[in-house]
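Undergrad: Could you look at this predicted model? Sequence included:
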Amino acid sequence: MAWRQFIFSNKILFSSAPDSLPKSFSRLYSKSSPYIVKVGIPEFLTGLGRGVEAHVAKLETEIGDFQKLLVTRTLKLKKLGIPCKHRKLILKYTHKYRLGLWRPRAESMKS
C-alpha cells in the first residue's frame, strides 16, 4: 500500500522529461562536457607522471592520435614494449578520462 501511494504521489516526477528532473536525478542523465583545453598524448602522459612520460615518443609514432590512445587495448601497449605497471596506469586513466572523471592538469606539478 505504501509503495502504491509513493508511486502515485510521485507520478509527475517520474513521467517528466529528463531535463526537468530534480537535481538528484540529473546525474543519471548528464553527459560530460567537452574539455576546453586540447589534450594530446604528451600532455596526457605528463599528467600521469610516475615515469610514464618516458613513452611519449613511442606512443606518438605508433598510435599517433590521442583519440586512438583512448581506445587502445593492453595487448597493443604490450607489443610496443611498455611495462605492465605503466600499461595499467595508462589504461586506468584513459578510462577515467573517457568518463570525465579525470583530466591532466594544465600546469606541471612541482615535486
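TA: Structure received.
Undergrad: burial measure for K96, as a count.
TA: 12 (other CB atoms under 10 Å). For the C-beta atoms, the positions are set from N, CA and C on the backbone; glycine is no exception.
Undergrad: Would you agree it is in contact with W102?
TA: Yes. Using CB atoms under 8 Å, K96 is in contact with W102, at 3.9 Å.
Undergrad: Now the longest helix along the chain - C-alpha only, PDB.
TA: With secondary structure taken from DSSP state H, the chain has its longest helix at helix 84-99. The C-alpha coordinates for helix 84-99 follow below in PDB (Å, rounded to 0.1, in the frame of the first residue of the first chain):
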ATOM      1  CA  CYS A  84      53.000  -3.700 -17.000                       C
ATOM      2  CA  LYS A  85      52.800  -1.000 -14.300                       C
ATOM      3  CA  HIS A  86      52.800   1.800 -16.900                       C
ATOM      4  CA  ARG A  87      50.200   0.000 -19.100                       C
ATOM      5  CA  LYS A  88      47.900  -0.300 -16.100                       C
ATOM      6  CA  LEU A  89      48.300   3.400 -15.300                       C
ATOM      7  CA  ILE A  90      47.700   4.400 -18.900                       C
ATOM      8  CA  LEU A  91      44.600   2.200 -19.200                       C
ATOM      9  CA  LYS A  92      43.200   3.200 -15.800                       C
ATOM     10  CA  TYR A  93      43.500   6.900 -16.600                       C
ATOM     11  CA  THR A  94      42.300   6.700 -20.200                       C
ATOM     12  CA  HIS A  95      39.100   5.100 -18.800                       C
ATOM     13  CA  LYS A  96      38.700   7.800 -16.200                       C
ATOM     14  CA  TYR A  97      39.300  10.400 -18.900                       C
ATOM     15  CA  ARG A  98      36.600   8.900 -21.200                       C
ATOM     16  CA  LEU A  99      34.100   9.000 -18.300                       C
END
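Undergrad: Having no further points to raise, I will conclude here.
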